[in-house]
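>>> got a sequence here, can you model it:
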Amino acid sequence: MNSLELSPVATNFTLKDHIHEVLRDAIVKMNIYDPNTDLRLDERTMAEQLGISRTPIREALVRLEQGGFVEIKARRGVYIRRKNLTEILEMVVVWAALESMAARLATERASETETSALRRLAAGYSVTAARADIAEYSEANIAFHQRILELSKCEMIREMADGLFLHMYAVRRRAMGESDRAMHSVADHMGIIEALERRDADLAARLVREHTMRLHDHIRDVWPELDGA
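You can find the predicted model right below:
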């Protein structure tokens, strides 16, 4: 997705929070790290797509700027904000720490039914299928990592990771299609599941951390163009 796509919304309720959520979710789902993506947002166009006035759009954009999703430039317009390389690498490190602890907790708190469900989720994609449909596998990959966070049954970890995830979504989508990462991802996921099923907290935490840090190293080595973003 290389441009913002919005659907009209009903106007029989207070729009403030809803419009913020609609715009945020649309931005999150864009491939903002594709060099061909147009990052400029036009208030008039968005208002027409949503079927509303421009006032709630402006209010939502101010909140999105506070959340680090857009940048409002005086006399130049509003632009979706790409993270620079340092920011992205720091996000990945924090994600690795959170998910690693989540995996450790999941070995203690997840039921056999829940770990079996995680295995079924991962088994839905072979290496061949992941390579054939990178976009679809990217969504499955994201769902896998979110599920590990849920299995920790630690609400604070989930809340912290959810906020980070919104900024990580586009990063993971781009990275998944590079350097045969899909193939390695499938193998890594199965190893993580086996550690969870064996209730091996140290191994599960280590495998999750190493898996995410490989993403860190890939981005560091392959995305130098973002160094000055």
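
>>> mind listing the strands for this structure?
Secondary structure of the chain (DSSP state E): strands at 40-41, 70-73, 77-80.

>>> Ser100: which of those is closest?
Among the strands of the chain, the nearest to Ser100 by C-beta to C-beta is strand 77-80 (29.9 Å). Quick note: C-beta positions are derived from backbone N, CA and C, even for glycine.

>>> could you say what helices and strands the closest one packs with?
strand 40-41, strand 70-73 (3 or more C-beta pairs under 8 Å, 6 or more residues apart in numbering; DSSP states H and E).

>>> turn those strands into JSON lines, columns for mean neighbour count and distance to His184.
Output for the helices and strands packed on strand 77-80, formatted as JSON lines (neighbours: other C-beta atoms under 10 Å; distance: least, C-beta to C-beta, whole Å):
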{"stretch": "strand 40-41", "mean neighbour count": "16", "distance to His184": "35"}
{"stretch": "strand 70-73", "mean neighbour count": "16", "distance to His184": "33"}
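
>>> tell me if I'm right that Glu71 and Leu64 touch.
No: counting by C-beta atoms under 8 Å, Glu71 sits too far from Leu64 to count as a contact (9.5 Å).

>>> ok, Glu48 to Ile157 distance?
40 Å (C-beta to C-beta, to the nearest Å).

>>> who has more neighbours, these two?
Ile157 (18 against 13; other C-beta atoms under 10 Å).

>>> so who does Ser53 touch?
Going by C-beta atoms under 8 Å, 6 or more residues apart in numbering, Ser53 touches Ala47.
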